[in-house]
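S.K.: When you get a sec, could you give me coordinates for this:
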Amino acid sequence: MGYFFIALTVLLTVYGQLILKWQVGLAGAVPPGLAGKAGFLLHTLANPWVLSGLAAAFAASLCWMLALSKLPLSVAYPFTATSFLLIFAFSALILGEHVSLAKLAGTLLIVAGVTVMALAPTPPAP
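M.R.: All right, here's what the predicted structure looks like:
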């Protein structure tokens, strides 16, 4: 069950990030001044899509707590890095963000590092 909750954490996190980026991009430029920024945020917070992204982030936190109740942090945490790969891929495919060789290489290095961490044996707890 712990890995199921990790998967939900990652998927809800990815959904939230993509939705927030999409909707903030549609909202336009942030106005200058404190009042302009506050108005921008309040207007954006009234958007149902933004609310769904924030709700997904909250649900991801709840799933993360459930995952941590089942698995050691050193086992669970590396899997959250899969969000880097998913966000990289979906931001290019869905949002049309630029993919560069440097971004691809960095993402692959993160995945390689997480793979090494995940395959490393975990000593038993004292």
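S.K.: For the lowest-mean-pLDDT helix or strand in the chain, buried residues please.
M.R.: Using mean pLDDT, DSSP states H and E, the weakest-scoring helix or strand in the chain turns out to be helix 73-76, at a mean of 84. Neighbour counts using 16 or more other C-beta atoms under 10 Å place 75-76 of helix 73-76 among the buried residues. Quick note: C-beta positions are derived from backbone N, CA and C, even for glycine.
S.K.: Could you do stretch 59-79 as well?
M.R.: 59-60, 63-64, 66-68, 71, 75-79.
S.K.: Go ahead and measure how far that stretch is from the middle of the chain.
M.R.: Centroid displacement of stretch 59-79 relative to its chain, using C-alpha atoms, centre = their mean, to the nearest Å, is 14 Å.
S.K.: Please apply the same query to stretch 2-15.
M.R.: Taking C-alpha atoms, centre = their mean, one finds the center of stretch 2-15 at 9 Å from the center of the full chain.
S.K.: With stretch 78-88 instead?
M.R.: 7 Å.
S.K.: Tell me the helix or strand right after the longest helix that the chain contains.
M.R.: Taking DSSP state H as the criterion, the chain has its longest helix at helix 2-27. Using DSSP states H and E, the helix or strand that directly follows helix 2-27 along the chain is helix 34-45.
S.K.: Alpha carbons only: can I get that following helix in PDB?
M.R.: What follows is helix 34-45, C-alpha atoms only, in PDB (Å, rounded to 0.1, in the frame of the first residue of the first chain):
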ATOM      1  CA  LEU A  34       1.600  45.200  -4.000                       C
ATOM      2  CA  ALA A  35      -2.100  45.900  -4.600                       C
ATOM      3  CA  GLY A  36      -1.800  44.600  -8.200                       C
ATOM      4  CA  LYS A  37      -0.100  41.400  -7.100                       C
ATOM      5  CA  ALA A  38      -2.700  40.800  -4.400                       C
ATOM      6  CA  GLY A  39      -5.500  41.400  -6.800                       C
ATOM      7  CA  PHE A  40      -3.900  39.000  -9.300                       C
ATOM      8  CA  LEU A  41      -3.600  36.300  -6.700                       C
ATOM      9  CA  LEU A  42      -7.100  36.800  -5.400                       C
ATOM     10  CA  HIS A  43      -8.500  36.700  -8.900                       C
ATOM     11  CA  THR A  44      -6.400  33.600  -9.700                       C
ATOM     12  CA  LEU A  45      -7.600  31.900  -6.500                       C
END
